[in-house]
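Chemist: Structure for the following, please:
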Amino acid sequence: MKNKMKQLFGIILSLVLALGLMPGMSLTAYADNTEELLTTLTFGGSSTYSETTSGVVSVTATNVTHYDSTYGWLFFDVGSLSVTAEEGYTINKCVFRQNNKQPITDTEAPFEIHFSDGCCTEDTNWDMDGVTSIEVYRYVTPTTVDVTGVSLNKTTTTLTVGDTVSFTATVEPNDATDKYVTWSSNSDALKLYADSSCTVALGTTTGVAAGQPIYAKGISLGGATVTATSRSNNDVTASCGVTVISNTYNVTYKVVNGTWSDGSTADKTETVASGGNPTSVPAGMKADLGYTGGSWDTDPSTATISADTTFTYTYEADSSGGSSDNTNTNTDTSAKVPYDDVAISTGAVNDITGTASATAESNPFGTKIENNSNLTTLLSLADAEVAQGVNVWLDIQDMSASVPQTDTTLIQNTSGDYTVGLYLDINLFKKVGSNDATKVTETNGNVKVSIVIPESLWKSGRNFEIIRVHDGVATAITGIYDEKTHVFTFETDQFSTYALAYKDPPSSSDSGTTSDSSSSSDSSSSSDSGSSNSSNSTQSRAPKTGDPNDVRVWYLLLIASLGGLGFLGYLKKKKVND
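Modeler: Below is the predicted model of the structure:
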C-alpha cells in the first residue's frame, strides 16, 4: 500500500513538473518602463493657462475661473486640460498638487490622472479648488508605434490656373509615433505652399503634421499628382490626381461702317482659353455705302488671349468719291476665293466644304459632310442640274450673340439636364452651274455632319448633343463624340438654328474635411483613464508585457516537484540500505 501511494505521489509530481514546462507556461519577466518628471506646471492669475517647454511638453488649461493671489492657487469649475508630450514619448500620469491651506474639494491631494497615450484631455466637471501645480510624468523609454497607412481628404480634383486647393493627410493608426508626412508634386503645373496666400513654398524634408493643411496653386495647364508620404516609412503614401485647366475670357468682335457676311451688325462673341487664340474670327464683312478698305484694329487670328478682349473691324470713308459695291472684302489680298466663286465641274456634284479651293471662307468648327457621296439623293438633284455641275458646302458659325429670343426659349425648354455651350447657325448651300448659291433648308434624308468641339468646352467624360430649332419646333439630336479628336458627329435633315449642349457625368463629391482623429482619441483617452486616484504616491504602475499569469505559483510548483523527486530518491535509498 505504501509503495502504491509513493508511486501515485511521484506521478502527480512529475505531471506538475511537466505542466510547468509546457509551451505557453513559460516564465516571463516584466519589462517595465521607468518614468521621469517632464515638468512642473505652476499657475498665474488668468482665465486660461498655456505653457510650452521646448521639445518636452505643451499644456493648455481653460476655464480657470479664479486665481487666488494670497494662496497662489487656481479655482476650477468646468474646464479642460490638454497635455502633449514630445514626439515619440508617452505621458503616463499627471499629479495635481495643492496648497496645504486649501484642500481640493472631493479629492484627497495630491491626486493623479493617468493617460494611455501621448495626448490627454480632461473635459468633465472639475471642481478642483486649490491646485497650485501639476507634475507631468513620461516614460523614459520611447513607445514606438509604426505608421500603417496615410489617406488624403481628396483623391482627384480640378482647379484653374491661379487658383488654389488645400490638402490634409490622416495617418493611421491614430497613436502612431511619427504622425508627420512629406508632400511632393510630380509636375510644374502646380506648386505646393505652406500658407493659404501661397507665399511660403512648402519644404520637402521636415514634414507636416497630420491634419495640418498644405496648399497647391495652379501654375500652368496640365496634370499633376500630389503625394503625401509617411516621414517614418517611405513605403506608406497616398496620392491625389490634379488637373489644372485654363481660365477663359470673352472675345468680342465689332464691325464699324459695315456689316457681317450675314448682313447683321450685332457684336459677335466667343470664349477663348487663357493663352489661346481666337477660332471664330468673322470673315467676309461688307462695307456700308460710301465706305471701303476695311481692316482690324488688331489681327484677332494671331492674338494671344489673356483677358477679356474686343476686336473692331472698321471701314473708312471712300475718299475717291466712289460708292461701295457691297461685295465681300477682306484684308487678306492673297489669291483666295469664297465658296460661291469656286469653279464648278460639269456633270459632277462636289462637296467643297473646307477645301483648299475655298480657303477664304471661315470654317471655325472644322465642319465636314461625312456622307458627301450621296449628295445627289440628299438634295434631290435633277439630271439637268447635275449636268450643269453642282457645288455643295456646309457653313456653321457661332451665333451666340445674335440668336433670336424665341429660339433661345425653345432650346432652353428642350435642353433638360444638358447645358447649352453655344448657339450655331447651320446652313447648307448649293450652287448649280452659273446660278446664284441658294440655301437648302431640308434634305431628302439625313446629312452626316462632323464638327470639332471648341477647346473651351473640352472636359473628360463630357457628353454632347445638338438641339435643333426648325419651323418653331425644338428637337434634341444625339450624336457620337470622340474624346481623343474632339470631333462630334450627328445627323440632320433640316438646317436653321442649333445649339451645342453638354452634360457632365455624375461624380462623387470630395470628402472635404478630415476628421480630427487626434481630438477624438484625446477624449477617448481621457474618459478611459482620467479618473482621479487618491493615493499619495507619485509613482504609477507602468505598462507591463509578457504572460499575465502569476509567476510565483509556478515557482512554488517547480520547488514542490523538485522536493518530491528528492523525497522519492531518499526513500528508495533507505530501502536499499535496509
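
Chemist: Do me a favour and average the pLDDT over stretch 470-484.
Modeler: Mean pLDDT, stretch 470-484: 92.

Chemist: distance between the ends of that stretch?
Modeler: 31 Å (Cα to Cα, to the nearest Å).

Chemist: Report the buried residues of it.
Modeler: Across stretch 470-484, burial judged by 16 or more other Cβ atoms under 10 Å covers 470, 474, 479, 481. Glycine gets a C-beta too; all of them are placed from N, C-alpha and C.

Chemist: Residue 225: helix or strand, and which one exactly?
Modeler: strand 222-230 (DSSP states H and E).

Chemist: Just the closest of the buried residues of stretch 470-484 to residue 278, please.
Modeler: Lowest distance from residue 278 to the buried residues of stretch 470-484 (Cβ to Cβ) belongs to residue 481, with 23.2 Å.

Chemist: average pLDDT for the next helix-or-strand element following the strand holding residue 225?
Modeler: Next along the chain after strand 222-230, taking DSSP H and E as the criterion, comes strand 237-245. Averaging pLDDT along strand 237-245 gives 92.

Chemist: how about strand 237-245: buried residues?
Modeler: So for strand 237-245, counting by 16+ other Cβ under 10 Å, buried means 237, 238, 239, 240, 242, 243, 244, 245.

Chemist: Columns distance to residue 251 on top of those, output as TSV?
Modeler: Formatted as TSV, the buried residues of strand 237-245 follow (distance: Cβ to Cβ, whole Å):
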residue	distance to residue 251
237	43
238	41
239	37
240	34
242	28
243	24
244	22
245	18
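
Chemist: The strand holding residue 225 vs strand 237-245, what angle?
Modeler: Here strand 222-230 runs at an angle of 160 degrees relative to strand 237-245 (axes from the mean of the first three to the mean of the last three Cα atoms, to 10 degrees).

Chemist: mind exporting strand 222-230 as CSV, just the C-alpha atoms?
Modeler: As requested, the backbone C-alpha atoms of strand 222-230 are provided in CSV (Å, rounded to 0.1, in the frame of the first residue of the first chain):
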residue,chain,number,x,y,z
GLY,A,222,-1.6,70.1,-67.3
GLY,A,223,-1.9,67.2,-64.9
ALA,A,224,-0.1,66.6,-61.6
THR,A,225,-0.1,64.1,-58.8
VAL,A,226,0.2,65.3,-55.2
THR,A,227,1.6,62.7,-52.9
ALA,A,228,1.8,62.6,-49.1
THR,A,229,4.5,60.1,-47.7
SER,A,230,4.9,59.0,-44.1
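
Chemist: Pull up the pairing partners for that strand, direction included.
Modeler: When pairing is defined by DSSP bridges, strand 222-230 lines up against strand 180-185 (antiparallel), strand 237-245 (antiparallel).

Chemist: how about those in CSV, adding distance to residue 196?
Modeler: What follows is the strands paired with strand 222-230, written out as CSV (distance: least, Cβ to Cβ, whole Å):
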stretch, distance to residue 196
strand 180-185, 15
strand 237-245, 17
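
Chemist: which stretch among those comes nearest residue 488?
Modeler: Among these, the nearest to residue 488 by Cβ to Cβ is strand 237-245 (19.8 Å).

Chemist: Which residues does the following helix or strand past the closest one contact?
Modeler: Following strand 237-245 in sequence order, the next helix or strand is strand 248-256 (DSSP H and E). For strand 248-256, the surrounding residues in contact (Cβ atoms under 8 Å, 6 or more residues apart in numbering) are 265, 267-274, 278, 281-282, 285, 300, 305-315, 456.

Chemist: Residue 442 - how many residues pack around it?
Modeler: 13 (other Cβ atoms under 10 Å).

Chemist: That one against residue 471, yeah?
Modeler: No - using Cβ atoms under 8 Å, residue 442 is not in contact with residue 471; the gap is 9.5 Å.

Chemist: Can I get stretch 410-418 in PDB? Just the C-alpha atoms.
Modeler: Extracted C-alpha coordinates of stretch 410-418, given in PDB (Å, rounded to 0.1, in the frame of the first residue of the first chain):
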ATOM      1  CA  LEU A 410     -37.400  76.800 -77.300                       C
ATOM      2  CA  ILE A 411     -33.900  75.400 -76.800                       C
ATOM      3  CA  GLN A 412     -33.700  76.000 -73.100                       C
ATOM      4  CA  ASN A 413     -37.100  74.300 -72.700                       C
ATOM      5  CA  THR A 414     -35.800  71.200 -74.600                       C
ATOM      6  CA  SER A 415     -32.300  71.000 -73.100                       C
ATOM      7  CA  GLY A 416     -33.400  69.200 -69.900                       C
ATOM      8  CA  ASP A 417     -30.300  68.300 -67.800                       C
ATOM      9  CA  TYR A 418     -28.000  69.500 -70.600                       C
END
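
Chemist: Okay, buried residues for that stretch please.
Modeler: In stretch 410-418, counting by 16+ other Cβ under 10 Å, buried: 410, 411, 414, 415, 418.

Chemist: do stretch 198-214 as well
Modeler: In stretch 198-214, counting by 16+ other Cβ under 10 Å, buried: 198, 202, 207, 208, 210, 211, 214.

Chemist: Which members of those are positioned in strands?
Modeler: 208, 214 (DSSP state E).

Chemist: Pull the most distant pair out of the buried residues of stretch 198-214.
Modeler: Every pair of the buried residues of stretch 198-214 checked by Cβ to Cβ; the farthest is 198 and 210, at 21.6 Å.

Chemist: Residue 271 touches residue 455, doesn't it?
Modeler: No - using Cβ under 8 Å, residue 271 makes no contact with residue 455, being 9.5 Å away.

Chemist: Just the buried positions in stretch 152-168, please.
Modeler: 152, 153, 154, 157, 158, 159, 161, 165, 167, 168.

Chemist: quick one: least confident of these?
Modeler: residue 161 (85).

Chemist: can you tell me which residues contact residue 266?
Modeler: Contacts for residue 266 (Cβ under 8 Å, 6+ apart) come out as 401, 402.

Chemist: Could I get the buried residue list for the strand holding residue 225?
Modeler: Buried, per 16+ other Cβ under 10 Å, within strand 222-230: 224, 226, 227, 228, 229, 230.

Chemist: Show me the shaky parts of the stretch 301-450 of the chain.
Modeler: Low-confidence segments of the stretch 301-450 of the chain (pLDDT under 70): 319-336, 360.

Chemist: how about a cut-off of 80?
Modeler: Applying pLDDT under 80 to the stretch 301-450 of the chain flags the ranges 318-337, 356-362.

Chemist: Would you state the strands of it in chain order?
Modeler: Using DSSP state E, counting those that start in this stretch, the strands of the stretch 301-450 of the chain run over 309-317, 349-351, 368-369, 390-398, 419-432, 438-440, 442-452.

Chemist: how about these in JSON lines, adding distance to residue 255?
Modeler: As requested, the strands of the stretch 301-450 of the chain are exported to JSON lines (distance: least, Cβ to Cβ, whole Å):
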{"stretch": "strand 309-317", "distance to residue 255": "5"}
{"stretch": "strand 349-351", "distance to residue 255": "30"}
{"stretch": "strand 368-369", "distance to residue 255": "28"}
{"stretch": "strand 390-398", "distance to residue 255": "14"}
{"stretch": "strand 419-432", "distance to residue 255": "16"}
{"stretch": "strand 438-440", "distance to residue 255": "22"}
{"stretch": "strand 442-452", "distance to residue 255": "25"}
